[in-house]
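K.L.:
give me coordinates for this.
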Amino acid sequence: MGTCLIVPEGDVPMVRAAAYVAHKCGGEKGEARILVHSMPRNQRPDVKSIARHGLTIEVGPVPQGVLRHDAVEKTEKALHFFLEYLDLLNKDKAGVINKLKEWYSGGKVPVYRSAKASAPGEMSGKIQWPSDPENPNFPQVLVHKSIQDRDFHKIKKGDPLFIDLNGKVIPYSGSHGEE
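P.N.:
From the prediction side, this is the model:
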């Protein structure tokens, strides 16, 4: 996953901030990605939902209950560049905007978007993970090795998605689009 900067859809100031941070963190080559969240602000269950603007920094993968030194450093780095952006914006807004235009020729910032929610109350679309009928917290399959740890890579209909305990490959059905 690397460093993921999550911004609400339509929040232009935060997309600009995320674009600045992503570039300073090395962009996609440095594993910094921007994810636009399409859930309306009044339905997001987090602190940034009460502010006018919000940006979330996620770094991973990190197992629960583990403090990884490299993940903390990446988080601090992204936060530093976010604060640097705000400082520069307050000092010279036109200069910062011009810098972004220089870095992102054509005015296009590469962003990713979550699949649209398919059920009420979901924050984003999800692919159903096959689980034990008696215990939905116990998975019956593994993520296929061809996509394991490959966040932000496209999958196409028919690509291996899961593998069951008998070795049978379960392909992506195209439930959220052909790719």
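K.L.:
let me know the secondary structure of the residue sitting nearest the centre point of the chain.
P.N.:
Nearest to the mean C-alpha position of the chain, by C-alpha atoms, centre = their mean, lies Leu35 at 4.1 Å. Assigned with DSSP: H, G, I helix; E, B strand; the rest coil, Leu35 falls in the strand class.
K.L.:
test my guess that it contacts Leu5.
P.N.:
Yes: in this structure, Leu35 is within contact of Leu5 by C-beta atoms under 8 Å, at 7.1 Å. Quick note: C-beta positions are derived from backbone N, CA and C, even for glycine.
K.L.:
shared neighbours, the two?
P.N.:
By C-beta atoms under 8 Å, 6 or more residues apart in numbering, Leu35 and Leu5 have no common neighbours.
K.L.:
setting aside sequence neighbours, what's the nearest residue to Pro8?
P.N.:
In space, and not counting its chain neighbours, Pro8 is closest to His37: 5.5 Å by C-beta to C-beta, 6 or more residues apart in numbering.
K.L.:
that neighbour and Cys4 touch, don't they?
P.N.:
No: checked against C-beta under 8 Å, the pair His37 and Cys4 is beyond contact range at 10.8 Å.
K.L.:
before we move on, back to that, in the sheet, who's paired with the residue nearest to the centre of the chain?
P.N.:
Counting by DSSP bridges, Leu35 is bridged to Ile6, Tyr112.
K.L.:
next up, the contacts around it.
P.N.:
Contacts for Leu35 (C-beta under 8 Å, 6+ apart) come out as Cys4, Leu5, Ile6, Val7, Val111, Tyr112, Arg113, Ser114.
K.L.:
let me know the closest of the residues you listed to Phe82.
P.N.:
Nearest to Phe82 among the contacts of Leu35 is Leu5, at 8.4 Å by C-beta to C-beta.
K.L.:
gap between the closest one and Asp149?
P.N.:
From Leu5 across to Asp149, the span is 19 Å (C-beta to C-beta, to the nearest Å).
K.L.:
those two: which is more packed in?
P.N.:
The residue with more neighbours, out of Leu5 and Asp149, is Leu5; 26 against 9, by other C-beta atoms under 10 Å.
K.L.:
can you tell me the closest non-neighbouring residue to that one?
P.N.:
Leaving out its chain neighbours, the residue that sits closest to Leu5 by C-beta to C-beta, 6+ apart is Ala18, at 4.0 Å.
K.L.:
list the contacts of the strand or helix carrying that neighbour.
P.N.:
Ala18 belongs to helix 12-24 when elements are defined using DSSP states H and E. Outside of helix 12-24, the residues within contact range by C-beta under 8 Å, 6+ apart are 3, 5, 7-8, 28, 32-34, 36, 53-55, 78, 81-82, 84-86, 89, 96-97, 99-100, 103-104, 109, 111.
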